[in-house]
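Visitor: below is the sequence, then the predicted model.
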Amino acid sequence: IFDRLSQGELISKEGLAREYGVTEKSIQRDIDDIRGYLAGDREGGAADIRYDRKAKRYRLWQEESSRLTRKEILAMAKILLESRAFEKEELHTILDKLIEACPKEGRRAVEDMIRNEAFCYVPPQHGKKLLDALWDISLFIRNREIIRFSYRRQDGAERYHTAKPVALLFSEFYFYLVAYKEEETSFPTVFRVDRIEKMEQTGDHFQVPYKDRFKDGEFRKRVQFMYPGVLRRVTFTYCGPSVEAVLDRLPTARILSRKENIYTLTAEAYGKGLDMWLGSQGKWVKVLKSEEITS
């Protein structure tokens, strides 16, 4: 009975008594036992079995914050589909589980809303399953364990690396491992996870003082197209249709001034990714100054 309630099914004492060949009093005792369990200490937030007078059935009630709503599940499904991060089998497995977590009365609606997009989904060209690798990398980062792996570059050449993993990020269709290679310690190197062929633990660990820890959130704000390098501050003018799009694209950007429809902005970024983005804006952007940040 609890399992059926958890799936969003509405139940009646009369119907269950007939189905299970017991009395309605037996079903009432079962409902009372489940209520007692829900009232105890358990994860998942406040919950209870309540009688729906309109439907004339019992339903499982939970605090809104303790479970995903159909609106939240729809939003997550849309983001997953748009990201194109996973090959088809992994993507559909995740979507199926998300939809299964949807309240039963809203499940069909969510399925209908994403059916066409899921059917037409185009996976990334690498075609690799990534969930296991993402989990393993996350554990290496959490445990601060040095790893050894082979990496196939875009030109097809294979290289072996020993590195200290510090972050796992997602950008522009791909997951990336950010790590300090054994032979290079000034700046981290970024590796596409799908290009890691083999990965093994070394059993060796590294320590980082708290003040020197890698701040992946700050790094993410300052890197474009996952091109790391020296941290620079760029000042430029923008005269395009949406300065809001610039501020969304460059989280560190600040507007210094505005004259009619021309904005002067400054932004900080690692490497040449920012140059690539600014160059893609054509006549809308003019770079005024570019300087390396040394401290």
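Guide: Structure's in. What do you need?
Visitor: centroid-nearest residue for the chain?
Guide: The C-alpha lying nearest the average C-alpha coordinate of the chain belongs to Phe170 (Cα atoms, centre = their mean; 7.6 Å).
Visitor: return the set of buried residues in the longest strand along the chain.
Guide: With residue count as the measure and DSSP state E as the assignment, the chain has strand 158-171 as its longest strand. Neighbour-count burial for strand 158-171, counted by 16 or more other Cβ atoms under 10 Å, picks out 161, 163-169. Heads up, the C-betas are built off the backbone N, CA and C, glycines and all.
Visitor: quick check: closest non-adjacent residue to the residue nearest to the centre of the chain.
Guide: Ala85 (6.5 Å; Cβ to Cβ, 6 or more residues apart in numbering).
Visitor: Lys56 now?
Guide: The shortest distance from Lys56 to any non-neighbouring residue, by Cβ to Cβ, 6+ apart, is to Ser12 (6.8 Å).
Visitor: isn't Tyr180 up against His161?
Guide: No. Contact criterion Cβ atoms under 8 Å: Tyr180 and His161 do not qualify, at 10.3 Å.
Visitor: shared neighbours, those two?
Guide: Taking Cβ atoms under 8 Å, 6 or more residues apart in numbering as the contact criterion, the residues that touch both Tyr180 and His161 are Thr189.
Visitor: got the buried residues of strand 158-171 as TSV, with pLDDT columns?
Guide: Listed next are the buried residues of strand 158-171 as TSV, based on pLDDT from 0 to 100:
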residue	pLDDT
His161	92
Ala163	92
Lys164	92
Pro165	93
Val166	90
Ala167	91
Leu168	93
Leu169	91
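Visitor: CSV please, covering those residues and showing distance to Glu145.
Guide: What follows is the buried residues of strand 158-171, written out as CSV (distance: Cβ to Cβ, whole Å):
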residue, distance to Glu145
His161, 14
Ala163, 11
Lys164, 9
Pro165, 8
Val166, 11
Ala167, 14
Leu168, 14
Leu169, 19
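Visitor: of all those, which comes closest to Lys78?
Guide: Distance ranking of the buried residues of strand 158-171 against Lys78, using Cβ to Cβ, places Leu169 first at 20.9 Å.
Visitor: and that closest one, what does it touch?
Guide: 175-176, 178, 216, 219-220, 226.
Visitor: and it, how far is that from Lys128?
Guide: When Cβ to Cβ, to the nearest Å is applied, the distance between Leu169 and Lys128 equals 17 Å.
Visitor: got it, and Thr266?
Guide: In this structure, Thr266 lies at 39 Å from Lys128, with Cβ to Cβ as the measure.
Visitor: now the helix or strand of the chain with the lowest mean pLDDT: how far from the chain's centre is it?
Guide: The weakest-scoring helix or strand in the chain, judged by mean pLDDT, DSSP states H and E, is helix 216-221 (a mean of 76). What separates the centre of helix 216-221 from the centre of its chain is 15 Å, taken as Cα atoms, centre = their mean, to the nearest Å.
Visitor: which residues of the chain score low on pLDDT?
Guide: Counting by pLDDT under 70, the ranges of the chain that qualify are 41-45, 63-66, 183-186, 209-212, 295.
Visitor: can you give me the strands in it?
Guide: 47-52, 57-62, 145-152, 158-171, 174-181, 189-192, 196-205, 231-238, 254-259, 262-270, 285-292.
Visitor: other SSEs contacting the last one?
Guide: Packed against strand 285-292 by the contact rule (3 or more Cβ pairs under 8 Å, 6 or more residues apart in numbering; DSSP states H and E) you find strand 231-238, helix 273-279.
Visitor: out of those, the one nearest Arg18 is which?
Guide: Among these, if distance is taken as Cβ to Cβ, the winner is helix 273-279, at 66.0 Å.
Visitor: mind listing what's buried along the closest one?
Guide: In helix 273-279, residues buried by neighbour count (16+ other Cβ under 10 Å) are 273-275, 277-278.
Visitor: as a markdown table, those with distance to Arg152 would be great.
Guide: Formatted as a markdown table, these follow (distance: Cβ to Cβ, whole Å):
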| residue | distance to Arg152 |
| --- | --- |
| Gly273 | 22 |
| Leu274 | 27 |
| Asp275 | 26 |
| Trp277 | 27 |
| Leu278 | 30 |
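Visitor: identify the farthest-apart pair in those residues.
Guide: Looking at those by Cβ to Cβ, the two members farthest from one another are Gly273 and Leu278, with 9.7 Å of separation.
Visitor: with that, I have no additional questions.
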